[in-house]
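Visitor: Structure for the following, please:
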Amino acid sequence: MLDRAAVRTVLCTSEHASSVSLPPSFKVVDEHAFQALAPIVEVHVGPEAYLMFTSGSTGVPKGVPVGRAQLAAYLGHVARAFPFTNTDRFTQFFALSFDLSVHDLFVCWGAGACLCVPPSDAVLRAVSYVREQRISVWFSVPSQVALMRRMRSLVPGCMPGLRLAFFCGEALSTVVARSWCHAVPSAASYNLYGPTETTIAIAVQPLTSAVLDGTDEVVPLGRVFPGHHAQVLNDDMPSLVGEGELVLAGPQVNAGYLNDEAATERCFHSLGPDEVRWYRTGDRVRMDADGVMHFTGRMDDQVKLNGHRVEPGEVDAVLQPLLNGGNTATVAVELEGGLRLVTFIDVPADTEPMFAALRSRLPEHMVPARIIQVEAFPYGPHGKLDRKALITLAQNG
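Guide: Residues are numbered from 1 along each chain as shown. The predicted structure is shown next:
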């Protein structure tokens, strides 16, 4: 990621400077050295606000240069759409490497509010943390609420100070949404949706009684923000209703990927007589007559783990060189109340060095829960790997 972003200077605190191990082409600067350099540092202001990397199926992350104009469009809409005030106190549960943290920071500061940065154990004691810090605005991935539900801490009246709550990063199950709204009836709660390529979030669904009493297993993605457009592609034919791949257009949609023309051409297309630029999300949705988007799955194998977009193929790309000609396949499986990665290999091998290699190359949420050896992979009638059979095998031990 540092190479693709053409990073040449890494700024860190003095206590961590000595532990940063990078090639000589990178300059590691601590805060004291930076203060000495600051008067002579020339800053070039470009069109990008920040660079965010997403998972790539070949093991190479894709860089999304998020433009200042796209970020300004998002922040402007959110400031107008929701009643934030300078007396609010915001959560900041998202890591800075996750684009939802940009919402935490700039929506909060834009309102003149207080950002509450939690200690490492706050996720496990979120209810008490909210009460201690007098939090009024909540933002998290749905998995965090599911954890609170499993820990039986989500009880009626547990967080009376909350008045606004937002969820994003992965599908919000209706069961979890009902538990949240039952426990925190004082908060106006919303499900947000938006890939990184569309700048943080581009659609919203209020958690109304009609939604909570509905039959969908997951809360709808809702409607796109004003000034934006959503359609579904079925056999590459765009439509405003029906089921297919969701494509999005509007002022928050970014231009493409960093130095990756092939990926940009696959995902960004100009459609229609007006040559409007659309982003192909890879999400399968059902668009109803009211323009509400209902999530039905992924068009590919990409999954979301704790809000992070993950291509299981990245795990396989790390392990393949270690298998002496063997094969590997990684699938996402519901295990122990949550989605986990499970990797299969078809040759005998010691898994300890495999886990060590994975931990050294991949973030923690991408390290599989298990590596399972099988004599042979299952294949379907057309010769394709039967991933559903692997998922069933993983679930049955």
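Visitor: Strands along the stretch 201-350 of the chain, start to end?
Guide: For the stretch 201-350 of the chain, the strands defined by DSSP state E, counting those that start in this stretch occupy 203-206, 223-224, 229-234, 237-239, 242-249, 268-271, 276-287, 293-298, 303-305, 308-310, 328-335, 338-345.
Visitor: Where do the strands of the stretch 1-150 of the chain begin and end?
Guide: Taking DSSP E, counting those that start in this stretch as the test, the strands found in the stretch 1-150 of the chain are 9-12, 27-30, 48-54, 62-67, 89-91, 114-116, 137-140.
Visitor: Now do the longest one: everything it contacts.
Guide: Spelled out, that is strand 48-54. Applying CB atoms under 8 Å, 6 or more residues apart in numbering, the external contacts of strand 48-54 come out as 1, 4-5, 61-68, 70-71, 99, 102, 195-197, 258, 309. (Each C-beta comes from the backbone N, C-alpha and C, glycine too.)
Visitor: And those, which of them are buried?
Guide: 4, 61-67, 70-71, 99, 102, 195-197, 258, 309 (16 or more other CB atoms under 10 Å).
Visitor: Next up, the contacts around Val10.
Guide: Taking CB under 8 Å, 6+ apart, we find Val10 in contact with Leu2, Val20, Leu22, Phe26, Lys27, Val28, Val29.
Visitor: Mind checking the strands of the stretch 1-150 of the chain for the one nearest to Leu207?
Guide: Closest approach to Leu207 among these is made by strand 137-140 (12.3 Å; CB to CB).
Visitor: in the protein, what spans have low per-residue confidence?
Guide: Under the criterion pLDDT under 70, the flagged ranges of the chain are 37-41, 55-59, 336-337, 380-384, 397.
Visitor: How is it partitioned into domains?
Guide: Listed by automatic domain parsing, the domain ranges of the chain are 1-44, 66-227+285-298, 312-395.
Visitor: most neighbours per residue, which of the ones you listed?
Guide: For the domains of the chain, average neighbour numbers computed from mean count of other CB atoms under 10 Å are highest in domain 66-227+285-298, which has a mean of 18.
Visitor: now the closest residue in space to Gly169 that isn't next to it in sequence: how far from Glu48?
Guide: Leaving aside its sequence neighbours, Gly169 sits nearest to Gly307 (CB to CB, 6 or more residues apart in numbering; 3.0 Å). Gly307 sits 23 Å away from Glu48, going by CB to CB, to the nearest Å.
Visitor: Asp301 now?
Guide: Remark: distance between Asp301 and Glu48 (CB to CB) = 29 Å.
Visitor: what's the longest helix in the protein?
Guide: Ordering each helix of the chain by length in residues (DSSP state H) puts helix 68-81 first.
Visitor: Distance from that one to the middle of the chain?
Guide: 19 Å (CA atoms, centre = their mean, to the nearest Å).
Visitor: Now it - C-alpha only, CSV.
Guide: Output in CSV follows, covering the C-alpha atoms of helix 68-81 (Å, rounded to 0.1, in the frame of the first residue of the first chain):
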residue,chain,number,x,y,z
ARG,A,68,-12.2,16.6,-1.8
ALA,A,69,-15.4,17.4,-3.8
GLN,A,70,-16.8,13.9,-3.1
LEU,A,71,-16.1,14.2,0.7
ALA,A,72,-17.5,17.7,0.8
ALA,A,73,-20.7,16.5,-0.9
TYR,A,74,-21.0,13.8,1.8
LEU,A,75,-20.3,16.0,4.8
GLY,A,76,-22.6,18.7,3.5
HIS,A,77,-25.5,16.4,3.1
VAL,A,78,-25.1,14.7,6.5
ALA,A,79,-24.8,18.1,8.2
ARG,A,80,-28.1,19.1,6.6
ALA,A,81,-30.0,15.8,7.0
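Visitor: and the angle from it to strand 62-67?
Guide: Our comparison of helix 68-81 with strand 62-67, counting by axes from the mean of the first three to the mean of the last three CA atoms, to 10 degrees, yields an angle of 70 degrees.
Visitor: Let me see the residues that make contact with helix 68-81.
Guide: Helix 68-81 has contacts (CB under 8 Å, 6+ apart) with 47-50, 102-103, 106-107, 110-111, 199-202, 204, 225-227, 250-254.
Visitor: again with stretch 292-304
Guide: Here stretch 292-304 has contacts from 55, 57, 169-171, 193, 203, 205, 216, 218, 220-224, 230, 243, 245-246, 282-288, 309-313, 332, 339, 387, using CB under 8 Å, 6+ apart.
Visitor: ok, now with 7 Å
Guide: Residues from elsewhere that reach stretch 292-304 (CB atoms under 7 Å, 6 or more residues apart in numbering): 169-171, 203, 216, 218, 220-223, 230, 243, 245-246, 282-288, 309-312, 332, 339.
Visitor: Next: stretch 115-127.
Guide: 89-93, 104-105, 108-109, 129, 133, 135, 144, 148, 153, 158-159.
Visitor: Between its first and last residues, how far does that stretch reach?
Guide: 17 Å (CA to CA, to the nearest Å).
Visitor: List the contacts of Arg284.
Guide: Neighbours of Arg284 in contact, by CB under 7 Å, 6+ apart: Glu243, Gly244, Glu245, Thr296, Gly297, Arg298, Met299.
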